[in-house]
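Q: I would like to see how this sequence folds:
(3 chains)
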Amino acid sequence: MGRGRINPAWGFVGPALLAIGAFFFVPVAASLLLSFTDFDVYAVARPDRLRFVALGNYARLLGEPRFWTALGNTAYFVVVGGPLSVGVSLGAALLLEAKLARWKGFFRTVFFLPVVTTLVAVAVVWRYLYHPRHGLLNLLLGLAGIHPIDWLGDPRWAMPAIILLAVWKNFGFNMVIFIAGLQSIPERLYEAARLDGASAWQQFRRVTLPMLAPTFLFVAVVTMIGYFQLFAEPYVMTQGGPANSTLSVVLLMYEEGFRWWNMGYGAAVAFVLFAIILSLTLAERGLRRLQPGAR
Amino acid sequence: MRRTVQAVALHGVLAVGAALTLLPLLWMLAASLMPAGEASAVPPRLVPSAVTLEHYRALFARLHLTRSLLNSAGLATAVTVVSLLLNSMAGYAFAKLRFAGRDRLFRLLLGALVIPAQVAMLPLFLMLRALGVIDTYWGVIVPGMASVFGIFLVRQYALAIPDSVLDAARVDGAGEFRIYRSLVLFLCAPVLVTLAVFTFMGTWNDFMWPLIVLADDRLYTLPVALANLAGEHVQDTELMMAGAVLTVLPVMLLFVFLQRYYVAGVMSGGVKE
Amino acid sequence: MSAWRRPARALLLLGLAAALGCRIDATDTGAVRFWAMGREGEEVQQLVLEFERRHPDIHVRVQQIPWGAAHEKLLTADVGGAMPDVFQAGNTWLPELVALGALEPLDERLARWPAIDRDDYFPGIVDTNVVDGATWAVPWYVDTRVLFYRSDLLAEAGYPEPPRTWTAWTDAMLRVKERVGPERYAILLPLREWQPPVILALQRGASLLRDGARYGDFQSPPVRAAFEFYLDLFRRGLAPRAGDTALANLYQDFARGYFSLYISGPWNIGEFARRLPADLADRWTTAPLPAPGDGYPGVSLAGGASLAVSRGSDRKDAAWKLVEFLSQPAQQVRFYRLTGDLPARKAAWADEGLPRDRRAHAFWIQLQSVQSTPKIPEWERIAAKISQYAEAAIRGTMTIDQALAGLDRDVDNVLEKRRWLMRAAGR
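A: Predicted coordinates:
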């Protein structure tokens, strides 16, 4: 047993806690304080130009149409992209885990490949793929007889374009989690269902879905939290345009905070985002407790 | 017979899915090898008329992407080494060592996962400026030195180490750090490799923070250099594609060779219920 | 026993990490860091080599930054304490940089260097470098917007000479549009650019802000008239509503007549010459902007970039020598030849015979009628909002009244802090 008066365990957790405390928790707390001031370009030069505005930034952002546009766009991305991404992942997982499937390792690798790619690089690639006249996507649509769409130039299609990119990039990640979930369902449950005369579809409904529910909820929440933080795709591909249709909350925070140096206002935007994510996470916790057989 | 039809249909769907998934990446590679101007042809081409390496040469010779490549590799390695050490020590301690407030502290850390990293960015920038590390490698390393996710991953795995093994070593007179160094690290090797792969890839691909922190282009990592290139050379499609291939290829290769560990990490993160 | 090992290892690791964290310019103290943007950043390297030849004790490191990111990079660098020693800055950014305290005032140095003769510069341009009575930067090259157009297509439409009034201009564009059909356009107006609508407003005599730049003035009659004119160009199909995202490549599309007119700056003299096919060389030219009524040419923006020295630099004298070098007429001429950017110094114009040059002639005339945008730190934000609201009006998501009212409201918000500071300073 350790002889000194100080528990050696602190030597183990100390460095990590110090790092996380100093470089994460402290800035987060500072961010909250910052959001109560009007720290900006003027204040950077001279501290006496700083004003304490209490909830002024929050009031201002609630009254600013651009914030609501950003929130709306982000919500659109989450509500449409989230289920789409989770659905595609689940579909791919089910296909790969089907008994008839062969070369599972190969397909799994291929489907997971977009996940490990650098987002900036693929965003650049997809920007070219989306070009109305030179892009591959419109070429493929043309083969199906669909008119060329100005993906990144038309406010109606820009966000769907970004959603498509996000789904392509991320579905492999959730697919792997679903595969783990599917593999953990005991075979005997399926046998029991088959003995009861259940068809494949009924087996899916009565065995697979319920057993997968916790995984599903987890994937849904994690994806949603991640999607709320949408930034790199609109930054590289559209800069929030056209007509602010791809402006996301984090992009707005970046613009206000690092382009215009309205750091007080930017911090307020960040905290509103945090509040939204927190409330949704708490809702998920609540939902989980309502589930039968919750752990 | 029915099973054969089903099998063919199933693999057909999988094959189409695989083709659609790979299509952007294949086009990226093909375009990077096309002669200048060909990638903007109408209608778009999928295969280069003649394979040329001129864009890659331009990237290395004229646009100094070698430096960015080295920066990305160096920073990813540095962050991986440091964070592996810090996270493994903490994860082991949370799993196997007893100290005051251990479980409450751990729950607090887990709570931090809900906070989006962007909330911390603005004050962190000002803090690092006060420390004088803006526009240095340190500025990129510091925020990645330890992560809640890494601690969590190691803790999950370390929980499975039998206490008896550790107690036996203590009875033999080994100090805690010695136990950690010789016994725990060895037993946790699989999760450490997973974490290393995760961290390396995450750091390599990180964009937003290096974009903010790095001003000097000699320090740029590949994603930042690529975005910089896109600002100036957006008309030069083939050049941009070559840059994208360069950015994506190392992590893709790393993944393909180490995918067992990476996928294991994702799956263990997923079943944290 | 183990109590020793842990700190020892920790120290070893810290040491390694510290080595990694070495600031990169510890290895080349004495190098002057110079940030230049866009194409200028690529071409200035050659001038810098000559500078280093003449000053063997000074080494200059040029870093090229794309224009799109340059403004935010400068601000971030200033706040982060990572500013270069000398840098190129668009002159509309200068008031903001002055408010940040990022710039070194240059009046004293200018007084000691008679070689940089203030009278040798265009007055409208010099004015943009003077904020609150002090001079903060030296103009490097000048920029204003003129009309680039396909002289052959305009001639075919009945305008062998460029239009001089808004009426003639509209008529010319309508005729061109008739000839090119629905798939092509008369004029290209990128939606992200604030310059065209602002120029039109300035031509109408608008001041954009009122009360000593305390409030927005975008609902005033001149601004409204200018906006109407601008929107009309889109409504009548003379300009593509998608702006420049419909373009594959600006130069290829100009060559194939996708658009015949384009309001742009001097850098395109060089770019057009370089990137357009050879057979197009005689079929395009430049002309000063038309005026709303009499008084050709209409006013244009006093743009351009200047060279500034960082207040926090350790190498101000060396940095200043570089500025002085780049301001020499011979170097200005050389730079013009490399980039097509028009020299800030009239002596350089004379040396190169630019006033008579076919393409630069339009700029020479236009530069005598330029006006600067409001010289306040908030200008870049206001400019971004102008283009956003203009885009909304163009796309039809807002009426022109809604757009101008929204713009006024936003601009008033942006200027709130300025009003507070001015009140606090007793102004």
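Q: In chain A, which residue sits closest to chain C?
A: Of all residues in chain A, the one sitting closest to chain C is A:G153 (3.3 Å; Cβ to the nearest Cβ). Where C-beta positions appear, they are placed from N, C-alpha and C, glycine not excepted.
Q: Can you get me a residue count around that residue?
A: Using other Cβ atoms under 10 Å in any protein chain shown, A:G153 has 25 other residues around it.
Q: Likewise for C:L421?
A: 13.
Q: residues in contact with it?
A: By Cβ atoms under 8 Å, 6 or more residues apart in numbering or on different chains, the contact set of C:L421 is A:42, A:49.
Q: pLDDT score for it?
A: Here the pLDDT value assigned to C:L421 is 87.
Q: one step back: could you report the separation of the residue of chain A closest to chain C from C:G68?
A: The gap separating A:G153 from C:G68 is 17 Å, by Cβ to Cβ, to the nearest Å.
Q: Next: B:M121.
A: 21 Å.
Q: Please say which of those two ends up with more neighbours.
A: The neighbour comparison of B:M121 against C:G68 (other Cβ under 10 Å) goes to B:M121, with 26 against 18.
Q: rewinding a little: pretty sure the residue of chain A closest to chain C contacts A:T238?
A: No - at 9.0 Å, A:G153 does not count as touching A:T238 under the criterion of Cβ atoms under 8 Å.
Q: what does chain A put close to chain C?
A: Residues of chain A lying near chain C by Cβ under 8 Å from any Cβ of the partner chain: A:4, A:8, A:11, A:15, A:38, A:40-42, A:44-46, A:49, A:51, A:60, A:65, A:131-134, A:150, A:152-155, A:241-244, A:258-261.
Q: which of those residues are close to chain B?
A: A:8, A:11, A:15, A:131, A:133-134, A:258.
Q: Start and end of stretch C:288-299, how far apart?
A: Separation of the first and last residues of stretch C:288-299 by Cα to Cα, to the nearest Å is 9 Å.
Q: Any idea how many residues pack against the nearest residue to A:A232 once chain neighbours are set aside?
A: Spatially, and ignoring its direct neighbours in sequence, A:A232 is nearest to A:L119 (4.7 Å; Cβ to Cβ, 6 or more residues apart in numbering or on different chains). Neighbour count for A:L119, taken as other Cβ under 10 Å: 23.
Q: Same check on the one 5 residues further on?
A: Taking other Cβ under 10 Å as the neighbour definition, A:V124 ends up with a count of 25.
Q: just B:A15 next, same as before
A: For B:A15, the neighbour count with other Cβ under 10 Å is 13.
Q: which residues does residue 270 contact?
A: Since you didn't name a chain, this refers to chain A. Going by Cβ under 8 Å, 6+ apart, A:A270 touches A:31, A:35, A:253, A:257, B:116, B:118-119, B:121-122.
Q: that's the wrong chain, I wanted chain C
A: Residues near C:G270 by Cβ under 8 Å, 6+ apart: C:39, C:339-341.
Q: same deal with C:D401?
A: Taking Cβ under 8 Å, 6+ apart, one finds C:Q219 in contact with C:D401.
Q: Let me see the mean pLDDT of the strand or helix carrying it.
A: Here C:D401 sits within helix C:400-414, counting by DSSP states H and E. Mean per-residue pLDDT for helix C:400-414: 93.
Q: just stretch B:187-207 next, same as before
A: 88.
Q: Would it count as contacting chain C?
A: No - using Cβ under 8 Å from any Cβ, stretch B:187-207 stays clear of chain C, coming no nearer than 13.1 Å.
Q: Out of the ones next to chain B among the residues of chain A next to chain C, who's the most crowded?
A: Scoring these on neighbours with other Cβ under 10 Å, the highest-scoring entry is A:H131 at 26 neighbours.
Q: My assumption is that that one lies in a strand; please confirm.
A: No - read with DSSP: H, G, I helix; E, B strand; the rest coil, A:H131 is coil and lies in no strand.
Q: where does C:A273 land on pLDDT?
A: pLDDT, C:A273: 83.
Q: quick one, what contacts it?
A: With Cβ under 8 Å, 6+ apart, C:A273 has these contacts: C:281, C:340.
Q: Take the helix or strand harbouring it, keep the C-alpha atoms, and write them as PDB.
A: Following DSSP H and E, one finds C:A273 within helix C:267-275. Extracted as PDB, the C-alpha positions of helix C:267-275 are listed here (Å, rounded to 0.1, in the frame of the first residue of the first chain):
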ATOM      1  CA  TRP C 267      -6.600  42.600 -61.300                       C
ATOM      2  CA  ASN C 268      -8.700  41.300 -64.100                       C
ATOM      3  CA  ILE C 269      -6.700  43.100 -66.700                       C
ATOM      4  CA  GLY C 270      -3.900  40.700 -66.000                       C
ATOM      5  CA  GLU C 271      -6.200  37.700 -65.400                       C
ATOM      6  CA  PHE C 272      -8.200  38.200 -68.600                       C
ATOM      7  CA  ALA C 273      -5.100  38.700 -70.600                       C
ATOM      8  CA  ARG C 274      -3.700  35.500 -69.200                       C
ATOM      9  CA  ARG C 275      -6.700  33.200 -69.100                       C
END
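Q: following it, which helix or strand shows up next?
A: Later in the chain than helix C:267-275, the nearest helix or strand by DSSP H and E is strand C:284-287.
Q: now the next helix or strand after that next one, how far from the centre of its chain.
A: Downstream of strand C:284-287, the next assigned helix or strand under DSSP H and E is strand C:300-301. Mean-position distance between strand C:300-301 and its chain equals 11 Å (Cα atoms, centre = their mean, to the nearest Å).
Q: Which SSE is immediately downstream of strand C:300-301?
A: Per DSSP H and E, the helix or strand that comes after strand C:300-301 is strand C:303-309.
Q: Summarise which helices and strands that following strand is packed against.
A: Strand C:303-309 is packed against strand C:86-90, helix C:94-100, helix C:123-128, strand C:138-143, helix C:316-326, with contacts defined by 3 or more Cβ pairs under 8 Å, 6 or more residues apart in numbering or on different chains; DSSP states H and E.
Q: what lines up beside it in the sheet?
A: With DSSP bridges as the test, strand C:303-309 is paired with strand C:86-90 (antiparallel), strand C:138-143 (antiparallel).
Q: how big is the angle separating the shortest one from helix C:316-326?
A: Pointing back at strand C:86-90 there. Strand C:86-90 and helix C:316-326 meet at an angle of 50 degrees, taking axes from the mean of the first three to the mean of the last three Cα atoms, to 10 degrees as the criterion.
Q: With the longest one instead?
A: Between strand C:138-143 and helix C:316-326, the angle formed by their directions is 40 degrees, by the same axes, to 10 degrees.
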